[in-house]
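Student: requesting a structural model of the entry that follows:
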Amino acid sequence: MTVNLRRGVPTLTAGDYALLIAARDGARKRLGFLLCGYVLMPDHGHALIRTGYPLTISQVIHDVKKAPARWLHPRRGTKGPIWQYQFWDSR
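Tutor: Coordinates of the predicted model:
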């Protein structure tokens, strides 16, 4: 799956990556999905995940995107959506 920053949102910095990784790890503990691999880029991220019934990819993405937005805003002095609404998955 792929998630992108919204247009106009500043790209991620080295310090931001640690927050994203912590949010992802927290989501893994809460939801129990399998993470096979990931890469974080300045304006987007990719991950290879597997969910088990009844958990859906949409639920995982929502959870993974929610926490970083709350944590990044105070660091950046910003507000509003950080991530594009949708995500892309391939099977």
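Student: contacts for the lowest-mean-pLDDT helix or strand in the chain next, please.
Tutor: Lowest on mean pLDDT, DSSP states H and E among the helices and strands of the chain sits helix 57-76, with a mean of 87. Helix 57-76 has contacts (C-beta atoms under 8 Å, 6 or more residues apart in numbering) with 1, 3, 10, 15-16, 19-20, 23-24, 26-27, 30-31, 33, 49, 51, 78-79, 81-83, 87, 89. In this view, the C-beta of every residue, glycine as well, is placed from N, C-alpha and C.
Student: return a ChimeraX selection command for the buried portion of those.
Tutor: Those of these that count as buried under 16 or more other C-beta atoms under 10 Å are selected in ChimeraX with:
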select :1,3,16,19,20,23,24,27,33,49,82,83,87
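Student: tell me which of the contacts of helix 57-76 fall in strands.
Tutor: Among the contacts of helix 57-76, the ones falling in strands (DSSP state E) are 3, 49.
Student: among the contacts of helix 57-76, name the ones in helices.
Tutor: 15-16, 19-20, 23-24, 26-27, 30-31 (DSSP state H).
Student: report the two of those residues separated the most.
Tutor: Between any two of the ones in helices among the contacts of helix 57-76, the greatest separation by C-beta to C-beta is 25.3 Å, found for 15 and 31.
Student: ok, now how distant is the residue located most distally from the centre of the chain from residue 8?
Tutor: Largest separation from the mean C-alpha position in the chain: residue 53, at 20.8 Å (C-alpha atoms, centre = their mean). Distance, residue 53 to residue 8, by C-beta to C-beta, to the nearest Å: 38 Å.
Student: can you check residue 85 too?
Tutor: 14 Å.
Student: repeat for residue 84
Tutor: Going from residue 84 to residue 8 by C-beta to C-beta gives 11 Å.
Student: who has more neighbours, those two?
Tutor: More crowded of residue 84 and residue 8, by other C-beta atoms under 10 Å: residue 84, with 16 against 6.
Student: assess the claim that that one and residue 9 are in contact.
Tutor: No - if you go by C-beta atoms under 8 Å, residue 84 and residue 9 don't touch, sitting 9.3 Å apart.
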